Every structure is written in structure tokens, then in C-alpha cells.
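Engineer: Below: sequence and its predicted model.
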Amino acid sequence: VYLANGQDPEHGEGTGHLYAIDATKRGDITTTGRIWHYTDIRRSISTASIKDGILYHPDFSGFLHAIDLKTGKQIWKHDMFAAMWSSTMVADGKIYLGDEDGDVVVMQHGREKKILAENMMDSSVYSTVVTANAVMYIMTRNNLYAIAEGAQIKR
């Protein structure tokens with residue numbers, strides 16, 4: 001089980017924690033069930049994405065963390081320069097993540113940090129980018145965008 005915690009982001013920025021816990025343990029697994037504890041993270045209400053042994057987790061202070069799934073060691077960290085309420089979405093070898101300033105970053109999945117694109121939306125992106133039936137959906141504070149290859153942009 002991978003979980004991040006910290007005080008409610010409405011109280012501002014602050015210390016957070018990210019844990020890997022062995023769910024097969026019984027009783028008080030605070031110590032006995034802990035696989036690793038990652039401390040270079042701020043408060044977060046996001047959930048992790050996992051692919052090929054890499055855990056991606058954003059925090060409220062605007063950092064996207066790429067962490068080795070087995071060791072809990074940081075692979076890389078990316079500063080979005082804005083608060084993040086959403087979670088990452090990993091699809092087609094890419095990481096998608098929106099922030100409070102309305103930016104959606106597209107990064108290459110992997111052990112080297114590589115930004116593929118940065119897209120400015122019309123307003124804050126608080127929700128997670130999702131895909132369904134070959135369509136990507138991005139919801140901003142004001143609009144819902146459906147993006148598909150070869151589609152015309154309509155508002």
C-alpha cells in the first residue's frame with residue numbers, strides 16, 4: 001500500500017509523508033509493516049501512479065516526485081511552480097499532470113526527467129487528467145475539454 005499524508009492543504013503548505021506499507025502484516029504495522037518512508041514531500045491529497053517500478057506522486061506545494069518503488073529513493077523531482085490538487089495519470093509512456101495555475105505538463109515516463117510539453121489551459125486544473133475510449137479529458141475550473149487525435153477543437 002502506498003499512501004501520502006499531511007495536514008489538509010487548506011491550512012497551507014507543510015510537511016508531508018509518503019509510505020510504502022506491507023498490507024499482509026497484522027496488528028500495529030506502524031513499524032513492522034513499513035517498507036519505506038519518503039520524507040522529501042509536502043502535504044498531499046493526491047494518489048500515486050505506478051509504472052515499471054516508478055511511483056509518481058505530486059504534492060500540494062507543486063512538486064512531482066518520481067520514486068523508486070522498491071527502495072523509496074528519489075529518482076527525480078519536478079517543480080510545477082503552482083499548487084497541485086490532482087493526481088498524475090500515466091498513459092502511453094507519458095505522465096500527465098495539471099496544476100492550480102492551469103498548466104498541464106506532459107512528461108516522459110522513466111528514470112530521466114524529460115518534459116515533452118507544457119499546455120496552458122483557461123483556468124485552474126484541480127482534477128486528474130483521464131482517458132477513455134481514445135479521448136483525453138481535462139477539466140478546468142471553467143470547462144471540460146475532450147481531446148482526441150484528429151479532432152477539431154470546440155468550446
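Structural biologist: Looks like it arrived, so ask away. Numbering: from 1, shown residues only.
Engineer: wait, what's in contact with L144?
Structural biologist: By CB atoms under 8 Å, 6 or more residues apart in numbering, the contact list for L144 reads Y137, I138. In short, each C-beta sits where N, CA and C put it, glycine included.
Engineer: same deal with L69?
Structural biologist: Counting by CB under 8 Å, 6+ apart, L69 touches A20, I50, G53, I54, L55.
Engineer: The protein: strands as residue ranges?
Structural biologist: Applying DSSP state E to the chain gives strands spanning 2-6, 16-21, 34-38, 49-51, 54-58, 63-68, 74-79, 89-91, 94-98, 103-108, 115-120, 130-132, 135-139, 144-147.
Engineer: Can you list the neighbours in contact with the fourth one?
Structural biologist: For strand 49-51, the surrounding residues in contact (CB under 8 Å, 6+ apart) are Y2, L55, Y56, H57, L69, S87, T88, M89, V90, I95, H109.
Engineer: and E100, how far is that from N143?
Structural biologist: 16 Å (CB to CB, to the nearest Å).
Engineer: Out of the two, name the residue with the larger neighbour count.
Structural biologist: Per other CB atoms under 10 Å, whichever of E100 and N143 has more neighbours is E100, with 19 against 11.
Engineer: And stretch 85-96, what's buried?
Structural biologist: Residues of stretch 85-96 classed as buried: W85, S86, S87, T88, M89, V90, K94, I95, Y96 (neighbour count, 16 or more other CB atoms under 10 Å).
Engineer: my bad, stretch 103-118
Structural biologist: Neighbour count says stretch 103-118 has D103, V104, V105, M107, H109, G110 buried, by 16+ other CB under 10 Å.
Engineer: cool, and stretch 43-54?
Structural biologist: Those buried within stretch 43-54 under the rule 16+ other CB under 10 Å are R43, S44, I45, S46, A48, S49, I54.
Engineer: Thank you, goodbye.
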